[in-house]
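[1] I would like the atomic coordinates for the input below:
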Amino acid sequence: MKPQIPAAAEKIIGRLCEQGYEAYLVGGCVRDMLLGREPEDWDITTSAEPAQVKAVFRRTVDTGIQHGTVTVMMGKEGYEVTTFRIDGDYTDGRHPDSVTFTPDLIEDLKRRDFTINAMAYNRERGLVDAFGGQKDLEHGVIRCVGAARERFTEDALRILRAIRFSAQLGFDVEETTYEAIKDIAPNLVHVSRERVQVELTKLLTSPLPGCMRLVYETGISPWVSKAFHRIPEVSGDVCFEIPPSIPARKSLRWAAFMRKCTPKEAAEVLKGLKLDNDTIYRTKLLVQWIGTSVCGEPAADALEPAEALAERFKSELRGQLLAKKAQIRRVMSQMEPELFDDLLTMKLCLIETCPPAADCLREVCRLRDEIRLSGDCIGLKTLAVTGDDLIRAGMKPGKEVGILLKQFLEMVLEAPEKNTKEYLLSQLPAVRDV
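    Below you'll find the predicted structure:
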């Protein structure tokens, strides 16, 4: 292994070793280097205790000093440096009650969750792999370090991490580890919903989002939430059929997973998992529209036979779509531009195996582009008149002003050439009489 390690991480390890301490890269960065992937984080473990680490480096932050972690600042980048440690009992099923520092690297690696995450490396000693992590990487296996039941009893979040790594790496969960997940699943009640959500979101945005099925097959789902557990009851197995071609953004993947739910049901799931309001809003809107035709194109998961659809597309759908730009503008007016694009992207990904249906949606995309290129009005912000214009034209301030603006918007959605101040104000008496 000749990895490209950041110079700053090499410098931290080198300076600690110069002072007589041991220091290694550890955990996920070592795993990713062996897999030929670019690590997201470069964690370092050392025999130096926190006070000793702080004495070696000028700029440090006490990010988790009670657990032995100090962040060493190198320029604008921070690197977590954690002392070799042995964890005490986990009475809350999530965090160790205490930690004891140790000079023994192997004791530190022994406390980690999976063999593929329990390896260390520095250039002088090379790879330290006491638990067969490299072999498990080669065979594509997720296996606990030591006794699986003990690892999961210590920290129940690890049961979700096992499935998440399976989805991210395309690995199988080793049998003893899999059985322990089923046994320890109820302990997930000890884990905050925010941490559960992070793991589920990482799973859904992985290359294999269909691995969400394992969350249900292992009996984890009832301990996530009642609303989450009910999703397959509402959707059937289609909820696990999430094309990896759907962009790996959380609102799109959550919407694909819950596309057979109602918007209210989807929002209940996400609120229970403490997702941010923006994601809830976007997911709810996508769920609302994903099974609805924008303007006559086939809806996802409700396709007629491909041969019949192909014939109908040739004979009538293309003409219908060309005549329905007004309907496309109406749908575009109900959401932000990027959300409308996400909606069409999701629809295309969900029907990509049916070329005639995909052709219909590509026609919708072409018409969308025409609408944007023409600068058609699709919202009140681009309407040629404002509330102030109406008041200056003689209207009294009040809710009637807003009602009229919406009527004018509907008018120009149907006929965008009418979106001029002169024309709309000329229609004011007629519209007010409606």
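[2] can you list contacts of whichever helix or strand Asp341 is part of?
    Taking DSSP states H and E as the definition, one finds Asp341 inside helix 337-350. With contacts defined as C-beta atoms under 8 Å, 6 or more residues apart in numbering, helix 337-350 is touched by 243, 245-247, 249, 251-252, 255-256, 259, 282, 285-286, 289-290, 294, 297, 299-301, 331-332, 335, 358, 361-362, 364-365, 368, 372. (C-beta placed from N, C-alpha, C; glycine too.)
[3] tell me where the stretch 251-400 of the chain has helices.
    263-272, 277-290, 306-312, 318-322, 325-332, 337-350, 355-374, 387-392, 399-414 (DSSP state H, counting those that start in this stretch).
[4] residues of the second one that come out buried?
    Across helix 277-290, burial judged by 16 or more other C-beta atoms under 10 Å covers Thr279, Ile280, Tyr281, Arg282, Thr283, Lys284, Leu285, Leu286, Val287, Gln288, Trp289, Ile290.
[5] for the fifth one, give me its contacts.
    Same thing as Thr283. Thr283 neighbours (C-beta under 8 Å, 6+ apart): Lys250, Ser251, Trp254, Ala255, Met258, Ala266, Ala267, Leu270, Leu275.
[6] wait, what's in contact with the first one?
    Residues touching Lys250, when contacts are defined by C-beta under 8 Å, 6+ apart, comprise Thr201, Leu204, Thr205, Leu275, Thr279, Thr283.
[7] can those go into CSV with extra columns for pLDDT and distance to Asp113?
    Formatted as CSV, the contacts of Lys250 follow (pLDDT from 0 to 100; distance: C-beta to C-beta, whole Å):
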residue, pLDDT, distance to Asp113
Thr201, 98, 19
Leu204, 98, 21
Thr205, 97, 21
Leu275, 96, 25
Thr279, 97, 27
Thr283, 97, 30
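[8] from those, pick the one nearest Glu124.
    The nearest member of those to Glu124, counting by C-beta to C-beta, is Thr205 at 37.2 Å.
[9] assign a three-state SS to the nearest residue to the closest one once chain neighbours are set aside, would you?
    Take Thr205 and drop its neighbours on the chain: the residue closest to it by C-beta to C-beta, 6 or more residues apart in numbering is Ala248, 4.2 Å away. Of the three states, Ala248 takes coil under DSSP: H, G, I helix; E, B strand; the rest coil.
[10] neighbours of Ala248, how many?
    14 (other C-beta atoms under 10 Å).
[11] the one 4 residues further on now?
    By other C-beta under 10 Å, 23 other residues sit near Leu252.
[12] for the spatially closest residue to it that is not a sequence neighbour, what are its contacts?
    Excluding its sequence neighbours, the residue lying closest to Leu252 (C-beta to C-beta, 6+ apart) is Ile246, at 5.4 Å. The contact partners of Ile246, by C-beta under 8 Å, 6+ apart, come to Pro209, Leu252, Arg253, Ala256, Thr345, Met346, Cys349, Leu350.
[13] quick check: buried residues in the helix holding Asp341?
    Result for helix 337-350 [16+ other C-beta under 10 Å]: buried residues Leu339, Phe340, Asp342, Leu343, Leu344, Thr345, Met346, Lys347, Leu348, Cys349, Leu350.
[14] nearest to Phe171, of those residues?
    Using C-beta to C-beta, Cys349 is the member of the buried residues of helix 337-350 that lies nearest Phe171, at 24.6 Å.
[15] measure Ser47 to Glu241 for me?
    For Ser47, the distance to Glu241 equals 49 Å [C-beta to C-beta, to the nearest Å].
[16] so for these two, which residue has more residues nearby?
    Neighbours around Ser47 and Glu241, counted as other C-beta under 10 Å, are more numerous at Ser47. The numbers are 20 against 16.
[17] excluding its backbone neighbours, what's nearest the more buried one?
    Closest residue in space to Ser47, ignoring its immediate chain neighbours: Glu22 at 4.3 Å, by C-beta to C-beta, 6+ apart.
[18] so how far is Ser206 from the nearest residue to Ser225 once chain neighbours are set aside?
    Among residues not flanking Ser225 along the chain, Gly272 sits closest, at 4.4 Å (C-beta to C-beta, 6+ apart). According to C-beta to C-beta, Gly272 stands 22 Å off from Ser206.
[19] the more surrounded of the two?
    Higher neighbour count among Gly272 and Ser206: Ser206, with 22 against 16, using other C-beta under 10 Å.
[20] contacts only, for the more buried one.
    Arg164, Ala167, Gln168, Ala248.
[21] list the contacts of the first one.
    The contact partners of Arg164, by C-beta under 8 Å, 6+ apart, come to Glu199, Lys202, Leu203, Ser206.
[22] SS state for it?
    Going by three-state DSSP: Arg164 is helix.
[23] distance check, Pro103 against Ile378.
    In terms of C-beta to C-beta, Pro103 sits 67 Å off from Ile378.
[24] compare those two (neighbour count), which wins?
    Remark: of Pro103 and Ile378, Ile378 carries more neighbours, 25 against 13, as counted by other C-beta under 10 Å.
[25] report pLDDT for that one.
    pLDDT for Ile378: 93.
[26] surely it is in contact with Leu413?
    Yes: Ile378 is within contact range of Leu413, at 6.9 Å (criterion: C-beta atoms under 8 Å).
[27] quick one: stretch 404-417 to chain centroid distance?
    Centroid separation for stretch 404-417 versus its chain: 37 Å, with C-alpha atoms, centre = their mean, to the nearest Å.
[28] pLDDT on it, on average?
    93.
[29] may I see the buried residues of it?
    Leu404, Leu405, Phe408, Leu409, Met411, Val412, Leu413, Pro416.
[30] identify the residue spatially nearest to the second one, adjacent ones excluded.
    It stands for Leu405. Leu380 (5.9 Å).
[31] now do the fifth one
    The shortest distance from Met411 to any residue other than its chain neighbours is 5.8 Å, reached at Lys418 (C-beta to C-beta, 6+ apart).
[32] who are the neighbours in contact with the one you found?
    Counted by C-beta under 8 Å, 6+ apart, Lys418 has contacts Met411, Val412, Leu424.
[33] in TSV: those, plus distance to Gly68.
    Listed next are the contacts of Lys418 as TSV, based on distance: C-beta to C-beta, whole Å:
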residue	distance to Gly68
Met411	67
Val412	64
Leu424	68
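[34] quick revisit: quick check, the residue nearest to Thr205 in contact with Lys202.
    No: look at Ala248 against Lys202 with C-beta under 8 Å: they stay out of range, at 9.9 Å.
[35] what about this structure, any weak spots by pLDDT?
    1-3, 89-97, 297-323, 429-434 (pLDDT under 70).
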